[in-house]
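1. Structure of the sequence below:
(chains A and B)
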Amino acid sequence: MEFSDAQIQRYSRHIILPEVGGKGQKKLLGAKVLLVGAGGLGCPAGYYLAAAGVGTIGLVDDDVVELSNLQRQIAHSTGTIGMPKVESAKRTFESLNPDVKVVPLKGRLNKDNITGIIEEYDLVIDGSDNFPTRYLVNDACVLSRKPLVSGAILRFEGQVTTLIPHEGHCYRCLFEAPPPPGLVPSCQEAGVLGVLPGVIGALEATEALKIILGQGEPLKNALLIYNALSASFRKVKVPRNPNCPVCGDNPTITELKDYDAGYCQMG
Amino acid sequence: MPEKVSDSRGKKEEMAGKKKNLDIRGLVCPYTFVKAKLAIEDMELGEVLEIVLDYPEAVHNIPKSMQDHGQKVLKVEQTGIKEWVIIVRKEKD
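-> As a prediction, this is how the structure comes out:
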C-alpha cells in the first residue's frame, strides 16, 4: 500500500523514528489487536492503539456506559451513558482515526467462544476487571500460543506483564489459581485513582506496539509494578514455572473451563 | 503536498546504478524528511536518491537525519536562488 498525504501527516512522528519508519507504520496498519474490556484499561489502551494506526481493534465488553465509569474510562462520555461500551468506544476510536476499524463484540468471553475469537487477532490485551476472565484469557492464549499483554489496577497501584506463551512466563506461573471470592476486595474497598488505569493502559498499549513492530524487549519474564503514591516503578523477575498447570512441562490444564463469576466487578 | 517520485534511468545513470528522483519543493519540515525517508525505504541498498527541495532548513536537516539513519550523503548543492539538490545513497535498510 502507498500512504496517502493525510497518512503521511498523521503518522509523520512514527515514520521519522528509525525503529518504526514507513515499514513499521504499515505493520501497525495491518495489525489486529483484541482488547478484552472497554473499561478503565481498555479505554486508554485502545485510544493509543487507534492513534497509532493499529488497523483492526476487536473490543469485547458486556456492559453499558454508566456515570460512575467516567471518572476513568476516557473513551466514553456523558453523552454515551446507557450505550454499550463497545459501541461508545468504537465511536471514539474511529473518530480519532478513520484508518482504524473497531470490531465491537458485545458479550462475555467463555470457554466455548474465546478460542474462535482470539484466533482472528495477532495479540490480546487484557483489561478485564475480574479473575474468571483473567484466567480464561491466560489459559486460552497459552493454549493458542497467542501473545498476551496483561494489566491490572487497584487503588493506587497497577501492574503490567507480557506473556509470550512457551517462551516466557504465563499468568499462572505468577499466581497459580484465582483467589477465592472472599479474598477479593469488595466494591466498597476497591476504589481506584482515576488516572491510574491511564498509566497502566498506556503501558499495555506500548507493549502491544513493541510486539507488532518487533522492537525492544517485551515485559517477558517480568512484572512491572507502578505505585502512584510513591511515584515508583518496580520490575520483578518472573521465571516460567516448569510445574505451571497450563504452560509447564506436564500441564494439567489442557482444555478451557469457566470459573464462577462470584466477584465484585468494577473495572 | 506536491511530490514527484520517478525513475530516471538514463544510460549514464544505469552505469552508475539505479537512481531515483524526489521533488519535495513546497514542503516544510518534518515532511521534507518524512518524504525522503519513505522514498529511501522503498529503494534497494546501493541505490541513489536525488532530492530537489526549496525549504532552507531542510538543507541541513535532511543530510543530518539521513546520516543518523545510516545513509550516505553524497552531495548537497545549491542549484538556484532558493533551490537545492541533495544526493543520498542507501546503505542501511
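
2. what's B:Glu50 in contact with, if anything?
-> B:8, B:19-22, B:85-87 (Cβ atoms under 8 Å, 6 or more residues apart in numbering or on different chains). Backbone N, C-alpha and C define where each C-beta goes, glycine included.

3. need the next SSE after the helix or strand where it lies, C-terminal direction.
-> Element membership for B:Glu50 (DSSP states H and E) is strand B:48-53. Once the chain leaves strand B:48-53, the next helix or strand it forms, by DSSP H and E, is helix B:56-68.

4. Report the mean confidence score over that next one.
-> Averaging pLDDT along helix B:56-68 yields 96.

5. same check, this time on stretch A:195-210
-> On average, the pLDDT along stretch A:195-210 is 98.

6. Pick out the residue nearest the middle of chain B.
-> Nearest to the mean C-alpha position of chain B, by Cα atoms, centre = their mean, lies B:Ile51 at 3.2 Å.

7. sorry, back to before: each with direction, which strands does the strand holding B:Glu50 pair with?
-> Under the criterion DSSP bridges, strand B:48-53 sits next to strand B:19-23 (parallel), strand B:83-89 (antiparallel) in its sheet.

8. got the buried residues for the helix or strand encompassing A:Pro44?
-> Assigned by DSSP H and E, A:Pro44 belongs to helix A:42-52. Residues of helix A:42-52 classed as buried under the neighbour-count rule (16 or more other Cβ atoms under 10 Å in any protein chain shown) are A:42-50, A:52.

9. who are the neighbours of that helix, in terms of helices and strands?
-> Here helix A:42-52 touches strand A:32-36, strand A:56-61, helix A:85-96, helix A:196-213, going by 3 or more Cβ pairs under 8 Å, 6 or more residues apart in numbering or on different chains; DSSP states H and E.

10. Excluding its own residues, what touches the longest strand along chain B? List them.
-> Ranked by residue count and defined by DSSP state E, the top strand of chain B is strand B:72-80. Here strand B:72-80 makes contact (Cβ under 8 Å, 6+ apart) with B:48, B:52, B:59, B:63, B:66-67, B:84-89, B:91.

11. just checking, A:Ser88 touches A:Val65?
-> Yes - using Cβ atoms under 8 Å, A:Ser88 is in contact with A:Val65, at 5.1 Å.

12. shared neighbours of the two, which are they?
-> Jointly contacting A:Ser88 and A:Val65 under the rule Cβ under 8 Å, 6+ apart are A:76, A:80.

13. for the stretch 51-200 of chain A, what spans make up the helices?
-> Secondary structure of the stretch 51-200 of chain A (DSSP state H, counting those that start in this stretch): helices at A:85-96, A:114-118, A:131-144, A:171-174, A:196-213.

14. and the stretch 101-250 of chain A, which residues reach chain B?
-> Within the stretch 101-250 of chain A, not a single residue sits near chain B (Cβ under 8 Å from any Cβ of the partner chain).

15. Now do the strands in the stretch 101-250 of chain A.
-> A:101-106, A:123-126, A:148-154, A:157-163, A:222-227, A:232-237 (DSSP state E, counting those that start in this stretch).
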